[in-house]
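Asks: Got a sequence here, can you model it:
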Amino acid sequence: MEKKEWYFEYEIQKNRPGLLGDISSLLGMLSINIVTINGVDQGRRGMLILAKDDAQIVRLESILKTMDTIKLIKLREPKLRDRLAVRHGRYIQRDADDKKTFRFVRDELGLLVDFMAELFKQQGHKLIGIRGMPRVGKTESIVASSVCANKRWLFVSSTLLKQTIRNQLIEDEYSDDNLFIIDGIVSTKRANEKHWQLVREIMRLPAIKVIEHPDIFVQNTEYTMNDFDYIIELRHDHDEEIKYDVVERGNNNMFSDSEFGGFDF
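Replies: Prediction:
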């Protein structure tokens, strides 16, 4: 029988030398293998473990609940956030009210790229929005994540290096394996009807679409925030407020100041 992976997280109640060794020995006696272990929060450790059957996990859970040195926090089939927490040693911050919104700061770009790359590897339609002020690293993070996920990325509209507004794609660019990047401000403020026909075509493809400035995008289109599968917020620091009047002004300056001009094709 193939072994099944589980995520096990506990909080240390009484820290003492040899505690981790005791837990490792317990897992060994139950014939449960440790794949990865890391601290995931203050006073918490997370592990990815392998078990032959669910009965081993039931026995483990019952024993852990009798221990006074640790408190069992999670014992479940691993989610994406669990895997990334063990890999990076910290949890991704998630909005308490809107479970599809995830928050990052610039210091966490490695974690952000890893998170988006895992999303990009998924098959079929996914609509991902990314909020953030100018020059915080939104587009660069999307491109880096595409490389990690082995995806070809296409700018449908963008201000990276120069203004880009696409009105058509060539035949091989319609592939479901491609990743389409749309700047919500560029598309809504600068594009023509041909561009919007292309955007609607792309939105119908069973492929990954990433919209920068999703709030501006939905204000000027038939799409709503409910259409998005994930919303990512990227800030310079935790206290930064994302202000769209500043974002739009920054984009307008980028258009007028660019020595490259714009591409409309």
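
Asks: Let's test this: mean pLDDT of stretch 33-47, rounded?
Replies: On average, the pLDDT along stretch 33-47 is 93.

Asks: can I get the CA coordinates of it in CSV?
Replies: In CSV, the C-alpha atoms belonging to stretch 33-47 read as follows (Å, rounded to 0.1, in the frame of the first residue of the first chain):
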residue,chain,number,x,y,z
ASN,A,33,8.0,8.6,8.6
ILE,A,34,9.0,12.3,8.9
VAL,A,35,9.4,14.0,5.5
THR,A,36,10.1,17.6,6.5
ILE,A,37,10.1,19.5,9.8
ASN,A,38,10.3,23.2,10.5
GLY,A,39,9.2,25.9,12.9
VAL,A,40,6.1,27.6,11.4
ASP,A,41,5.3,30.2,14.1
GLN,A,42,6.3,31.3,17.5
GLY,A,43,6.5,28.2,19.6
ARG,A,44,5.0,26.0,16.9
ARG,A,45,6.5,23.2,14.7
GLY,A,46,5.1,21.7,11.6
MET,A,47,5.8,18.4,10.0
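
Asks: Please spell out which residues along it are buried.
Replies: 37, 40, 44, 45, 46, 47 (16 or more other Cβ atoms under 10 Å). To be clear about C-beta, it is placed using only N, CA and C from the backbone, and glycine gets the same treatment.

Asks: In strands only, show me the residues you listed.
Replies: Members of the buried residues of stretch 33-47 lying in strands (criterion: DSSP state E): 37, 40, 44, 45, 46, 47.

Asks: Take the buried residues of stretch 33-47 and lay them out in a markdown table including distance to residue 102.
Replies: A markdown table is the format used below for the buried residues of stretch 33-47 (distance: Cβ to Cβ, whole Å):
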| residue | distance to residue 102 |
| --- | --- |
| 37 | 24 |
| 40 | 16 |
| 44 | 19 |
| 45 | 23 |
| 46 | 18 |
| 47 | 23 |
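
Asks: Among the ones in strands among the buried residues of stretch 33-47, which one lies nearest to residue 99?
Replies: Nearest to residue 99 among these: residue 40, at 19.0 Å, using Cβ to Cβ.

Asks: Could you report the distance from that closest one to residue 86?
Replies: As judged by Cβ to Cβ, to the nearest Å, residue 40 and residue 86 stand 7 Å apart.

Asks: what's the answer for residue 194, then?
Replies: 47 Å.

Asks: higher neighbour count, those two?
Replies: Neighbour totals were compared for residue 194 and residue 86, and residue 86 leads with 24 against 13 (other Cβ atoms under 10 Å).

Asks: Tell me, what's the model's pLDDT at that one?
Replies: On pLDDT, residue 86 comes in at 95.

Asks: Now do the same for it: helix, strand or coil?
Replies: helix (DSSP: H, G, I helix; E, B strand; the rest coil).

Asks: All set now, cheers.
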